[in-house]
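Trainee: compute the structure for the input listed below.
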Amino acid sequence: MIKIVAIALVATFLALIVKEQKPNLAFLLIVFVGCSIFLFLADKIYEIILMLEKIAVNANVNTVYLETILKIIGIAYIAEFASQITKDAGQGSLASKIELSGKILILAMAIPILTVIIETIIQMLPS
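Mentor: Below you'll find the model as predicted:
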C-alpha cells in the first residue's frame, strides 16, 4: 500500500506542476498512473478470485453464481474507475452516464441470482 500511495503522491505533485503549462499532459499522466496502479493490483485480484473459487467448490456452490458475482464486482470497479477518470477530465455528465450504465448492467446480471433466491424463499414458505 505504501508503494501505491507513494506513486500516487508523486504523480499528483508532478501533475500539479505540469498542469500549469500543459494540462493535457497532466491528465494523461494521471490516467497512466491510475492504470498502472490497477495493473499492479492484478496479481492480488487473481489471488482473490482463486480463493473465492476454492471456497465455492468446497461449499458446493454452483460456479455460475460465483462467476456472475465476480462479473458484477468487475463491472462495479470498472464503472467506478472510468467514472473517476471522466470526472477528472471535467466531464461530470458523461461520468454520470457511465455510473448509470454500470448500475443497469449490474441489475441485469443479478436478475438470475435474485430469481433463484426468490424461488428458494417461496419453496421454504409453508403452502
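Trainee: who does the lengthiest helix in the chain touch, helix- and strand-wise?
Mentor: When the chain is parsed with DSSP state H, its longest helix is helix 92-124. Helix 92-124 sits against helix 63-88, with contacts defined as 3 or more C-beta pairs under 8 Å, 6 or more residues apart in numbering; DSSP states H and E. (Glycine included, C-beta is placed from N, CA and C.)
Trainee: can you give me the angle the helix it packs on makes with helix 92-124?
Mentor: Per axes from the mean of the first three to the mean of the last three C-alpha atoms, to 10 degrees, the angle that helix 63-88 makes with helix 92-124 is 160 degrees.
Trainee: in helix 63-88, what's buried?
Mentor: Using 16 or more other C-beta atoms under 10 Å as the test for burial, helix 63-88 gives 66, 68-70, 72, 75, 79, 82-83, 85-87.
Trainee: contact partners for the closest residue to Leu105 other than its chain neighbours?
Mentor: Spatial nearest neighbour of Leu105, excluding adjacent residues (C-beta to C-beta, 6 or more residues apart in numbering): Ile75 at 5.2 Å. Residues in contact with Ile75 (C-beta atoms under 8 Å, 6 or more residues apart in numbering) are 102, 105-106, 109.
Trainee: please redo it, this time with the cut-off set to 10 Å
Mentor: Going by C-beta atoms under 10 Å, 6 or more residues apart in numbering, Ile75 touches 101-106, 108-109.
Trainee: so which bits of the longest helix of the chain are buried?
Mentor: Using 16+ other C-beta under 10 Å as the test for burial, helix 92-124 gives 95, 98-99, 102, 105-106.
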